[in-house]
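Asker: What shape does this take:
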Amino acid sequence: MYLPDPVAVLRAISRLVRPGGVLVFQEPYWVPVLAHLAKLPLWFATVSLIDKAMRASANHEMGTELYHTFVEAGLPEPAMRMELSFGEGTLPGTMVLRYLMQFATQDGAVASADRVVG
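Answerer: Purely as a prediction, here's the structure:
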């Protein structure tokens with residue numbers, strides 16, 4: 001998002017991943033957040049300011065452009081998903097950890113993401 005040439009960066013970091021390894025990115029996409037917060041004036045005003053500041057310095061649509069960035073970098077087509085969570089236990093870090101735990105082995109150290117993030 002904050003990179004002048006995301007394709008070149010993706011190529012460079014992909015060389016550091018072992019064969020069969022996984023690259024994971026989390027990019028915010030503010031459009032549904034802004035729509036959801038429209039009925040909450042203080043939250044909407046706050047998030048709108050963040051949105052405006054980010055648009056001035058970053059590719060605000062990078063999340064939806066990741067697919068094309070992977071392909072342009074010569075990598076396999078990525079599996080992607082978009083989520084908008086509501087309620088308790090939906091902090092972005094929690095969502096990312098649950099996603100990453102899908103790739104963890106159950107060798108006794110960690111059996112499930114729910115045990116880690118509860």
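Asker: so who does V31 touch?
Answerer: Residues counted as contacts of V31 (C-beta atoms under 8 Å, 6 or more residues apart in numbering): none. Quick note: C-beta positions are derived from backbone N, CA and C, even for glycine.
Asker: Return the distance of it relative to D51.
Answerer: The spacing between V31 and D51, counted by C-beta to C-beta, to the nearest Å, is 9 Å.
Asker: right, and the helix or strand after the top helix by length along the chain?
Answerer: For the chain, the longest helix by residue count, based on DSSP state H, is helix 41-57. Going down the chain from helix 41-57, the next helix or strand is helix 62-72, by DSSP states H and E.
Asker: Next, the buried residues of that next one.
Answerer: Applying a neighbour-count criterion of 16 or more other C-beta atoms under 10 Å, one finds M62, G63, L66, T69, F70 buried in helix 62-72.
Asker: any idea of the pLDDT on W30?
Answerer: pLDDT for W30: 72.
Asker: is it true that it touches K52?
Answerer: No - contact between W30 and K52 fails when scored by C-beta atoms under 8 Å: they sit 10.1 Å apart.
Asker: Between these two, tell me which one has more neighbours.
Answerer: Higher neighbour count among W30 and K52: W30, with 17 against 10, using other C-beta atoms under 10 Å.
Asker: Quickly note the distance from that one to E65.
Answerer: Taking C-beta to C-beta, one finds W30 at 14 Å from E65.
Asker: so where's the protein uncertain?
Answerer: 1, 84-118 (pLDDT under 70).
Asker: quick one: the helices in it?
Answerer: 6-14, 30-37, 41-57, 62-72, 92-100, 113-117.
Asker: could the ones you listed go into JSON lines alongside distance to R81?
Answerer: Output for those, formatted as JSON lines (distance: least, C-beta to C-beta, whole Å):
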{"stretch": "helix 6-14", "distance to R81": "19"}
{"stretch": "helix 30-37", "distance to R81": "13"}
{"stretch": "helix 41-57", "distance to R81": "22"}
{"stretch": "helix 62-72", "distance to R81": "11"}
{"stretch": "helix 92-100", "distance to R81": "9"}
{"stretch": "helix 113-117", "distance to R81": "16"}
